[in-house]
Every structure is written in C-alpha cells, then in structure tokens.
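# sequence first, then the predicted structure:
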Amino acid sequence: MSEPPAVSVDGLVMRYADKVAVDELSLTVERHTITAVLGPNGAGKTTTLETCEGYRKPHRGTVRVLGLDPVADRRDLHPRIGVMLQGGGAWSGVRAMEMLRHVAKLHAHPLDVDMLAERVGLGDCGRTPYRRLSGGQQQRLGLALALVGRPEVVFVDEPTAGMDPQARRTTWALLQELRGDGVTVVLTTHYMEEAERLADQIHIIDHGRLVASGSPLDLTRGGSVTTIRLVVTRPFPPGSPASLRTALGEAIEVVQLDELSLLVTGPADASTLAKVSRWCEDNGVLPESLTLGQRNLEDVFLELTGRELAP
C-alpha cells in the first residue's frame, strides 16, 4: 500500500469570530519535496500551516500530516515534524546554544548540536542571549530548533527573513539538502525568487481559497510565453488595457498590475515592443520602463491576487 502524502488538506474552513480566514481549502504536499505556500497578507496561509502543525483545530474539513490527525494524533505526530516559527520560539534571556541543546534533549535521536549550529551559521553567536540576536540570527536559531529532532516534515515560516544574501543562500542550500535526504519541506515566503528557485510545487492562496497550484514552470507556462512589462510615470488613462489589447491583436493578453504598470503576455517580440511604444505615443502615456522578457512567478502572483507579496 502506498504511503499517504506528507500533507493533505481537504475542505478546510477556519474562522475568527465572523471572519472566514480559510474557505474550503484543499491542497496536497507530496513527500520528499519542497512546497511553497504563497499568499498576500491575510490570505490564510499562516492559519493553514498552524492547523497542519496542530496548533489549531479545523472548524470544518480534514487535515492529515503523514497520514495522522495533527490534533487527535499529536503524541505520535509531533516527534516526526519540525516547526520553524516566523518569530519567537525561544526565551528572551536564553543563550542560542543553550536553547538548541535544551530542545535537542527533548528528542530521542537528535542531530549533533555542534554540527547543526555550524551548518546554519550559529557558530559566532552561540553564547549570545536570544534577545540580543539580530533578526537573521534568530531565524537561523529557529531553523536549527526545527531540524534538530530529525523531522520527516518541516514547516518553515519565512525561513530567510532578515538574513543577508550570503546567509539566505546558505539556508537555501540547506533546505535543498534536506529534500535530498528525504525530508519534506513546507515553507511560506515573501521572496518570489526564493519560491521560484527552491519549490517543486507552489500553492497560491488568496482570501482563504486556493487560486493556483503547480510547479514554477507550470505556473509561468513553461517559460514559452514572452512578456512585456510597461511601467509609466503617471496612472494609465481609463480603459488602457482594452485599448492596448486592440492595438496588439487578439493573441495578446494585457493585464493591469497596478496603476503604473501593465503586463503584456503572448507571442511578443521586438515588433510588439514597437507597437506598445506607438500606443504610448498615441495615448499620451510616458513610459518609465519597457522591458521584454519571460513571464515570472511575480507576474503570475500579481495577476491572480492583484496584490504584491509584501512582508
């Protein structure tokens, strides 16, 4: 009999008083993958992950992690998962290595603490109290706390927030190594590059509902569609998307991302750039930038949600 998915969410509903935070959400995370859950602030992604981690009980629907109910089977499940919180998770006055050694002792077969600390970059701040750690150092400690128990599934919330570029890339490499070792990683992130580079599968949530799922390649249509991003110095005139679409032809899709930018998608080339420039001239639109490239994950996210993925 085949193993159940690492995470299975079916018809999940979560409410805060009269507000529906998660609305009939269903998604699956396959084992031995890195899966990113993306969404604007307030989309319901953190509530969904907290339910998977057993911190919240579903109001309706079912959640299973490694085939177990995170609430009813808490005792059996918790030794098999790791959780990296976006903030906190350690006492204010405790030293970083003291906290890591304490958590290691709670597990039956923990990783070597010194090796793990060196791997995540805690070597130079191990004796520093938690409250004096930088934001990036606190994130490194949080990741180490999530990994020290050798989890089969690790949930990481904004794993590289506050990190410098070098530390961010070190963390990326570590997460990829975990996947290579058979660990399933479920992450949330506000960095599109991070999701696009790391994730095997991406779930995009908005207003508590799943609006898209697929690999980065699937979501960006395999890179076969060319895009033109038009950024202007002042808001577009009314009806600009329809007007530009008429000028370019039916094969071209035009989406207004915000008041100062449009995305043109389709079989675009240098001649299409010339047509866009001519349309700008005819309509009194002053371009700030006009770039030809491949559709990326940020383009997809903005089209689906109409909102930027901001911290």
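Received the coordinates, thanks. What you are looking at is a predicted structure, and each value in this text was computed from that prediction instead of being measured.
# make it CA atoms for all contacts and neighbour counts henceforth
Fine.
# OK, contacts around Glu253?
The contact partners of Glu253, taken as Cα atoms under 8 Å, 6 or more residues apart in numbering, are 245, 264-266.
# closest one of those to Leu178?
Proximity of the contacts of Glu253 to Leu178 (Cα to Cα) peaks at Thr265, which lies at 36.2 Å.
# partner residues bridging the closest one?
Under the criterion DSSP bridges, Thr265 forms beta bridges with Thr227, Glu253.
# how close does it get to Gly67?
Thr265 sits 41 Å away from Gly67, going by Cα to Cα, to the nearest Å.
# surely Asp200 touches Arg31?
No - with contacts counted by Cα atoms under 8 Å, Asp200 stays clear of Arg31, the gap being 10.9 Å.
# shared neighbours of those two, anything?
In contact with both Asp200 and Arg31: no residue, using Cα under 8 Å, 6+ apart.
# okay, domains of the protein per the record?
The record's domain parsing of the chain by automatic domain parsing lists 7-219, 221-295.
# okay, those domains, which one's buried deepest?
The highest average neighbour count among those, using mean count of other Cα atoms under 10 Å, belongs to domain 7-219 at a mean of 19.
# what is the mean pLDDT for that domain?
The average pLDDT for domain 7-219 rounds to 93.
# and it, how far out from the chain middle?
Using Cα atoms, centre = their mean, to the nearest Å, the mean C-alpha position of domain 7-219 is found 10 Å from that of the whole chain.
# re the thing from before, for Thr305, which of the domains of the chain is the nearest?
The minimum distance between Thr305 and these falls on domain 7-219, with 6.4 Å, by Cα to Cα.
# quick one: end-to-end distance for the closest one.
One end of domain 7-219 to the other measures 21 Å (Cα to Cα).
# one more: stretch 54-70?
As for stretch 54-70, its first-to-last residue distance stands at 4 Å under the measure Cα to Cα.
# then stretch 68-84?
Stretch 68-84 has an end-to-end distance of 20 Å (criterion: Cα to Cα).
# what sits up against it?
Taking Cα under 8 Å, 6+ apart as the rule, stretch 68-84 contacts 51-57, 63-66, 107, 142-143, 145-147, 149-157, 159.
# show me where pLDDT drops low in the stretch 201-311 of the chain?
221-225, 294, 307-311 (pLDDT under 70).
# that one: strands as residue ranges?
Assigned strands in the stretch 201-311 of the chain, in chain order: 201-206, 209-214, 226-232, 253-258, 261-266, 287-294 (criterion: DSSP state E, counting those that start in this stretch).
# from the contact counts, what lies against the third one?
So that's strand 226-232. Identification of packing neighbours for strand 226-232 by 3 or more Cα pairs under 8 Å, 6 or more residues apart in numbering; DSSP states H and E yields strand 261-266, strand 287-294.
# report the angle between that strand and strand 287-294.
With axes from the mean of the first three to the mean of the last three Cα atoms, to 10 degrees as the basis, strand 226-232 and strand 287-294 are set at 170 degrees to each other.
# list of residues touching strand 226-232?
For strand 226-232, the external contacting residues (Cα under 8 Å, 6+ apart) are 260-269, 273, 285-295.
# try it again with 6 Å
Where contact means Cα atoms under 6 Å, 6 or more residues apart in numbering, the residues beyond strand 226-232 that reach it are 260-268, 286-295.
# what angle do it and strand 253-258 make?
Put simply, strand 226-232 runs at 40 degrees to strand 253-258, going by the same axes, to 10 degrees.
# how far does strand 226-232 sit from the chain's center?
For strand 226-232, the distance to the chain centre is 24 Å (Cα atoms, centre = their mean).
# what does the fifth one give?
Strand 261-266 sits 24 Å away from the centroid of its parent chain (Cα atoms, centre = their mean).
# show residues contacting that strand.
Outside strand 261-266, the residues that reach it (Cα under 6 Å, 6+ apart) are 225-231, 252-256.
# what would these look like in a markdown table with distance to Val113?
Formatted as a markdown table, the entries for the contacts of strand 261-266 read as follows, by distance: Cα to Cα, whole Å:
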| residue | distance to Val113 |
| --- | --- |
| Val225 | 47 |
| Thr226 | 48 |
| Thr227 | 48 |
| Ile228 | 49 |
| Arg229 | 48 |
| Leu230 | 51 |
| Val231 | 50 |
| Ile252 | 55 |
| Glu253 | 53 |
| Val254 | 53 |
| Val255 | 50 |
| Gln256 | 50 |
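# max pairwise distance over the residues you listed: which two?
Distance extremes for the contacts of strand 261-266: the farthest pair is Val225 and Val231 at 19.4 Å, using Cα to Cα.
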